[in-house]
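K.L.:
coords below, sequence missing:
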């Protein structure tokens, strides 16, 4: 890029940031709504009166809008928005997030620093974020229809249970409840405030239930329960996407469908070059919202929007998914789930059915470790070290040698550890082979 073009590009971007603040004002104070409804040009005083605002401030705002070619002037210097341009103003819902991005920039900068925190979760963000996340979607009925169209090859009457993961304040969950009145619809979110807002918002159908829970530890009695699981704009935010997909695999019916929608940004920066209005904005938002969330726990994935569509599809395929070429892309998890481990995780969801969530009163893995410690009089870590000393190899090498001799993954041999253990009744769920389709826009 030539010097002058480079300079002009930066100037335009900086100016756009300041103009965005004026766009936010116009949206929040109803100036755009009023201008959109008007059929004839108006004076600044008339517009101010209609919006119950001070004329002097409205006139200053109009000056910015005219200079930015967003509002036009007629020959009498009255203000209007051309009819054919008005629909564009309905696409400005992302402005809901703009003030919060500014408010969180200082905190995000601390995460950039080597000595700073790794990240922060949505529960640590301004409380307005819950409503902003829903508000950015605008009118969601059409969006939900577009999401469902490619995944509902099954008869709609056969959809009995639906799960909305990362449901927030329930904007999608409510629409799903109305769209499928005969189904039980569940909205799950880890954010307590979001769930409280979802429960108290008016207009929620009677077939909708909200639950505060981690996506990595859904209720144990949900195994093989859901016909449809929706994960909209959530997967890249998660600090534990592998655990999430393991749980999705567990709770989905054998013929169930998972619909996943995430930002359409390429994983390779070069492929996003010049895409300022979409990829550039997405990365900026991610730096203060999505990435900190995906790095908010120890051992977090750290994906954010920069994860990108190529890395996301590779992540989904890592579970043994066979890629079917179509648009949008479809991933299928093989029916023989014993032949795969969850993406990026050292466990198989079939084996996961033998245990309950951490923190409960029975976990065969923990009991097995404890029995080894009791028999040997050593800690589990000491036992691993003794194996390494005896074999002259690292523990990972030892695992690989076991796999080489057995012809199978070490994870698949884990069930043998549990044969003689009898858990409390009702805490073992059966393994069910499933065909899972993941629709990725």
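P.N.:
Received it, and whenever you're ready, just let me know what you need. In this text the structure is predicted, and so the values were computed from the model without any measurement. Residues are numbered from 1 along each chain as shown.
K.L.:
ranges for the strands of the chain?
P.N.:
In the chain, the strands defined using DSSP state E lie at 72-73, 79-80, 161-165, 184-189, 208-212, 226-232, 252-261, 322-324, 329-333, 436-440.
K.L.:
who does the first one touch, helix- and strand-wise?
P.N.:
When you say that, I think you mean strand 72-73. Here strand 72-73 touches strand 79-80, going by 3 or more Cβ pairs under 8 Å, 6 or more residues apart in numbering; DSSP states H and E. Where you see a C-beta, it was placed from the backbone N, CA and C, and this is true even at glycine.
K.L.:
show me the contact partners of the strand it packs on.
P.N.:
With Cβ atoms under 8 Å, 6 or more residues apart in numbering as the test, strand 79-80 has contacts from 35, 38, 40-44, 47, 62, 65-66, 71-74.
K.L.:
what mean pLDDT does that strand have?
P.N.:
Mean per-residue pLDDT for strand 79-80: 98.
K.L.:
show me this structure divided up by domain.
P.N.:
As given by automatic domain parsing, the domain ranges for the chain are 3-91, 122-344+435-440, 363-418.
K.L.:
among the ones you listed, which is the most enclosed?
P.N.:
With neighbours taken as mean count of other Cβ atoms under 10 Å, the domains of the chain reach their highest mean count in domain 122-344+435-440, at a mean of 19.
K.L.:
in the stretch 151-300 of the chain, where is pLDDT below threshold?
P.N.:
151-157 (pLDDT under 70).
K.L.:
coming back round to it: quick one: which of the strands of the chain is nearest residue 308?
P.N.:
For the strands of the chain, proximity to residue 308 was assessed by Cβ to Cβ; strand 436-440 is nearest, at 11.9 Å.
K.L.:
now the closest one: mean pLDDT?
P.N.:
Strand 436-440 comes out at a mean pLDDT of 37.
K.L.:
picking up where we left off before, tabulate the domains of the chain (JSON lines), appending distance to residue 100.
P.N.:
Formatted as JSON lines, these follow (distance: least, Cβ to Cβ, whole Å):
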{"stretch": "domain 3-91", "distance to residue 100": "11"}
{"stretch": "domain 122-344+435-440", "distance to residue 100": "6"}
{"stretch": "domain 363-418", "distance to residue 100": "39"}
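K.L.:
which other helices and strands contact the lengthiest helix in the chain?
P.N.:
Looking across the chain with DSSP state H, the single longest helix is helix 3-28. Packing partners of helix 3-28 (3+ Cβ pairs under 8 Å, 6+ apart): helix 55-67, helix 98-112.
K.L.:
let's go with 6 Å and repeat that
P.N.:
Using 3 or more Cβ pairs under 6 Å, 6 or more residues apart in numbering; DSSP states H and E, no helix or strand is in contact with helix 3-28.
K.L.:
compute the inter-axis angle for that helix and helix 55-67.
P.N.:
With axes from the mean of the first three to the mean of the last three Cα atoms, to 10 degrees defining the directions, helix 3-28 sits at 140 degrees from helix 55-67.
K.L.:
thank you, goodbye.
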